[in-house]
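Colleague: predicted model follows, preceded by the sequence.
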Amino acid sequence: MNNNERIEKISSWILDYCKFMPKKPNSLVVGISGGIDSSVTSTLCALTGMKTIVLSMPIRQIKEQHDLSLRHQEWLKKRYDNIEGHLIDLDLVFKTFKNTLSKFYNEYGMVNSKARLRMVTLYQVAAANNGIVVGTGNKVEDFGVFFFTKYGDGGVDISPIADCTKTQIWEMGKELKILEDIIKAEPTDGLWLDSRSDADQLGMTYKELEEAMKNPKDKNYEKYMRIRKKGLHKLSIPVCKMDD
């Protein structure tokens, strides 16, 4: 499947999904970080012709990351009439949350809470606009590789790029003429103040990870499996089954 076919397939899938919902939504709501995943996802949503609401939701965000998010928002508005963009600053919300739970501080928990606050924001905006929340997680994340949810993907209604590798998403981004700075940007979840990249957290690049996912004989396969095992709890919720 070439890039144009993949783009057409995903945008059509989003539209068809909405058409066959019991109550058809009026809008698609996407959190945009300035990264390639959310940039491509929001553009695919725009291609459906449905009202697409994009939210930039900084929480003590590194300036370069936040600037890319706002630039992508403007890029979308110039190209598509169905885009509605908003900047929702969650700094104060997060500060209050952190202070309220100061007795229970944990760095990893607080990092994850940033994404979950964004998730709550996305759902509130969706509820106010008869919309659905569109996830931006790629195939790597849906294999349980990352410990943390990313830009608001703590819970979503649909996940259109979940079966696409990072490489495929980059290629779609080029085809869609996404801003070059976004395509070239080092992938990061944007949740850490020290600018650590996805590669820093994974200990390998996306290209290396994708090879390891496909090939059990790959030199990074064992590392990939160790990382994946730690994140598998995100993929399903354990349920106590009753006999009767």
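Modeller: Cool, the structure landed. Numbers count the residues shown, from 1 in each chain.

Colleague: which is the next helix or strand following the helix or strand of the chain with the lowest mean pLDDT?
Modeller: When each helix and strand of the chain is scored by mean pLDDT, DSSP states H and E, helix 139-142 comes last, with a mean of 70. Downstream of helix 139-142, the first helix or strand assigned by DSSP states H and E is helix 166-175.

Colleague: which strands and helices lie in contact with the helix or strand that comes right after that next one?
Modeller: Per DSSP H and E, the first helix or strand lying C-terminal to helix 166-175 is helix 180-184. Judged by 3 or more CB pairs under 8 Å, 6 or more residues apart in numbering; DSSP states H and E, the packing partners of helix 180-184 are helix 36-47, helix 63-79, helix 166-175. (Glycine included, C-beta is placed from N, CA and C.)

Colleague: please work out the average pLDDT along the host helix or strand of Arg228.
Modeller: Element membership for Arg228, per DSSP H and E: helix 221-231. For helix 221-231, mean pLDDT rounds to 77.

Colleague: which other helices and strands contact that helix?
Modeller: With contacts defined as 3+ CB pairs under 8 Å, 6+ apart, helix 221-231 has these neighbours: helix 206-214.

Colleague: give me that answer again for 10 Å
Modeller: helix 139-142, helix 198-202, helix 206-214 (3 or more CB pairs under 10 Å, 6 or more residues apart in numbering; DSSP states H and E).

Colleague: list the buried residues for it?
Modeller: Buried residues in helix 221-231, defined by neighbour count with 16 or more other CB atoms under 10 Å: Lys223, Tyr224, Ile227, Arg228.

Colleague: ok, now how distant is the third one from Gly137?
Modeller: Right, Ile227. Note on Ile227: its distance to Gly137, by CB to CB, to the nearest Å, is 16 Å.

Colleague: what's the answer for the first one, then?
Modeller: Using CB to CB, one gets 21 Å for the distance from Lys223 to Gly137.

Colleague: same check, this time on the second one
Modeller: Tyr224 sits at a distance of 17 Å from Gly137 (criterion: CB to CB).
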